[in-house]
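Student: pasting the structure only:
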């Protein structure tokens, strides 16, 4: 009986730790966080950054779907993702340290912006800020959008339509047998 209670308590604590993973996403432009208005972000046609603060013990990265159509974005905040188990296999190849300062646009695939301090390998800008012993803030600068299928880039000054972003945090890669969603955030970026 004590073993059963202990296992139940451990499962409960583990579950609450993952469901309350410390995660924060912000859009930064001209050095300041951009606040959403009616759920949408109004940006200038200029470079911006995505800032991700997370606990490195419970999160290894964030999946990102970026597109000029709202197919994934319109799924909403609560509806299940039909292809959740397949997302880790639909990753667009990207370079370490974001040398081209871009975001990949693709309705069918996802980016995985991860951070691995041990191997010094990650998809964020090179400068990772330490918040405390367990928390870091990673930044991804976006100066252009990139279309992998066409191998074509477009500077932010040339973007004329809204950009739909869908961020998804799941259980860490080394614990992935079954992919579980821990956090999602949707952003619609309008450029003026």
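Tutor: Good, I have the coordinates. A quick note: this is a predicted structure, and the numbers were derived from the prediction, not measured. Residues are numbered from 1 along each chain as shown.
Student: Residue 164: how many residues sit nearby?
Tutor: 21 (other Cβ atoms under 10 Å). Using the backbone N, CA and C atoms, a C-beta is placed for each residue, glycine as well.
Student: This structure: strands as residue ranges?
Tutor: For the chain, the strands defined by DSSP state E cover 23-29, 32-33, 40-43, 48-55, 61-67, 102-104, 111-116, 121-122, 129-130, 135-142, 144-147, 152-155, 163-170, 181-191.
Student: Any chance of those in TSV with mean pLDDT and distance to residue 76 as columns?
Tutor: Below are the strands of the chain laid out as TSV (pLDDT from 0 to 100; distance: least, Cβ to Cβ, whole Å):
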stretch	mean pLDDT	distance to residue 76
strand 23-29	97	17
strand 32-33	98	24
strand 40-43	98	15
strand 48-55	97	21
strand 61-67	97	14
strand 102-104	98	22
strand 111-116	94	21
strand 121-122	92	30
strand 129-130	96	32
strand 135-142	97	24
strand 144-147	97	24
strand 152-155	97	28
strand 163-170	97	10
strand 181-191	97	8
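Student: Single out the most deeply packed of those.
Tutor: Highest mean neighbour count of these: strand 61-67, a mean of 24 (counted as mean count of other Cβ atoms under 10 Å).
Student: re earlier: would you mind putting the strands of the chain into CSV with distance to residue 80 alongside?
Tutor: Listed next are the strands of the chain as CSV, based on distance: least, Cβ to Cβ, whole Å:
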stretch, distance to residue 80
strand 23-29, 19
strand 32-33, 30
strand 40-43, 24
strand 48-55, 23
strand 61-67, 15
strand 102-104, 24
strand 111-116, 20
strand 121-122, 29
strand 129-130, 34
strand 135-142, 27
strand 144-147, 28
strand 152-155, 32
strand 163-170, 12
strand 181-191, 8
